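S.K.: Next come a sequence and a model predicted from it.
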Amino acid sequence: MSASAATAQLRERQALYPPWAGADRCKQIVQLIEENLPDEITARIDDGSLAVGEVGLPQVAATTLRLPDGSFVVELHSGLMQFIYLVTRTLLGFTTEFNEGGVVRPALTRDQLVSRIADIFFDWRAGKLSTEGDLQRAAYFPLRPGQVKIAHQLAVNAEVFILAHEFGHVLIDGGGADAPPPPPPSEAESCADRLAVSIAIAAGSRLGMRMMYAGILFAVRVFSFLEHLGQGFAGPHLPPSERLGFIKRTARSMFADELNFTAGSTIALSYDELLEGVENVIKGKGHATAQTEERVRVRMWAILEERLKNHVDQARCIADLQDAVTRVDVAICEAVAETLHEWFEQPLPPSVSDPTDGRLPLMGGFLRSAIGKFPEPARMAFTAAFP
């Protein structure tokens, strides 16, 4: 086969199954992240030995195919893109919006939204979202323009990670004689994930790190749900919970320090906890989610940051902080309080940059004024850390 075999095969597939939106959104994503792609991927795209495109099939799938001549075809199906957008639009129904008119609170409760997203996945398993028409007719939660914009960005960032994962397989499977030996099959998926996180985080430094990290975790959750509901995937993946932990550790290793990782995780952790509730419903459990040190720390940082931006007044800030530490184990409260004290009331080491441009003490002041109103055991733990 010639060097253009991959391009010819993709064109044939797209002629049979044109992308649903007309334009090839997969190519648009490549253009979005091209300056952050590994040189080998860019070279392959340029010389035609890697063809990348959207194929108008309803399956929620992304595939990488190696042709006999060593070239590759990477496809993202339109059904995958439409399904992801359906979920992100619904997820954005439970967001607080800050605009010129003030604060617009969510219309649904958390449990209502979790159930609604779970129903999307149950409908998929039941075959109710198995055609282009099904996915296009699926009822969206009504959103305001700002929320639509965020839903689109979250969907695109999830697709960045998915596409980058497929590029990881190209790098693993497409090395020449001088390339290092590929990892064993049992490790190939994790290697592809590591490469995907690297590409996505690099792109996030230009496109917005918080939303990019949110897109990464969102993509992993979606495929975890599909796996729970019976969809099989090529290659030996880690179990869903282990894969999510691996992704988080990999992303953390690409941030300079814990402070900046926390500041960059606020959107991701908020959405991810909602999606954990969805996963629990899919598994037949309740809506409740686990409270971890990371979640409590990031939630409190997000609340204090909103106060710093004057998006909420101090009374709202205190109420939200109270809610964040209610029914939280004392050991978690102690660990979070100690970390926040180090950030807000002690000089930062030279190796740690301040993401607030010098306003950490102000955030600490907001926190101090709330501690006396915390429920126990949080009040005791934070009072000990902030004497």
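M.R.: Everything's here; your move.
S.K.: How about whatever helix or strand Ser115 lives in, which residues are buried there?
M.R.: Under the criterion of DSSP states H and E, Ser115 resides in helix 110-125. Of the residues in helix 110-125, Leu113, Val114, Ser115, Arg116, Ile117, Ala118, Ile120, Phe121, Trp124 count as buried by neighbour count, 16 or more other Cβ atoms under 10 Å. (Glycine included, C-beta is placed from N, CA and C.)
S.K.: same deal with stretch 375-387?
M.R.: Along stretch 375-387, these residues count as buried under the neighbour rule (16+ other Cβ under 10 Å): Pro377, Ala378, Arg379, Ala381, Phe382, Ala385, Phe386.
S.K.: how close does the residue nearest to Met254 when sequence neighbours are not counted sit to Ala315?
M.R.: Spatially, and ignoring its direct neighbours in sequence, Met254 is nearest to Ile201 (4.8 Å; Cβ to Cβ, 6 or more residues apart in numbering). Distance, Ile201 to Ala315, by Cβ to Cβ, to the nearest Å: 37 Å.
S.K.: who has more neighbours, those two?
M.R.: Ile201 (22 against 9; other Cβ atoms under 10 Å).
S.K.: How about the contacts made by the more buried one?
M.R.: By Cβ atoms under 8 Å, 6 or more residues apart in numbering, the residues touching Ile201 are Met209, Met212, Tyr213, Ile216, Ala251, Met254.
S.K.: what about the stretch 151-300 of the chain, any weak spots by pLDDT?
M.R.: The stretch 151-300 of the chain contains residues with pLDDT under 70 at 175-182, 185-186, 232-236.
S.K.: At which residues are the helices of it located?
M.R.: All helices of the stretch 151-300 of the chain, identified by DSSP state H, counting those that start in this stretch, fall at 185-207, 209-228, 240-252, 258-264, 266-282, 293-308.
S.K.: name the helices or strands packed onto the last one?
M.R.: What it means is helix 293-308. helix 258-264, helix 266-282, helix 314-325, helix 330-345, helix 360-371 (3 or more Cβ pairs under 8 Å, 6 or more residues apart in numbering; DSSP states H and E).
S.K.: Quick check: buried residues in the shortest one?
M.R.: Read that as helix 258-264. By neighbour count on 16+ other Cβ under 10 Å, the buried set for helix 258-264 is Leu259, Phe261, Thr262, Ala263, Gly264.
S.K.: of those, closest to Ala5?
M.R.: Proximity of these to Ala5 (Cβ to Cβ) peaks at Gly264, which lies at 41.3 Å.
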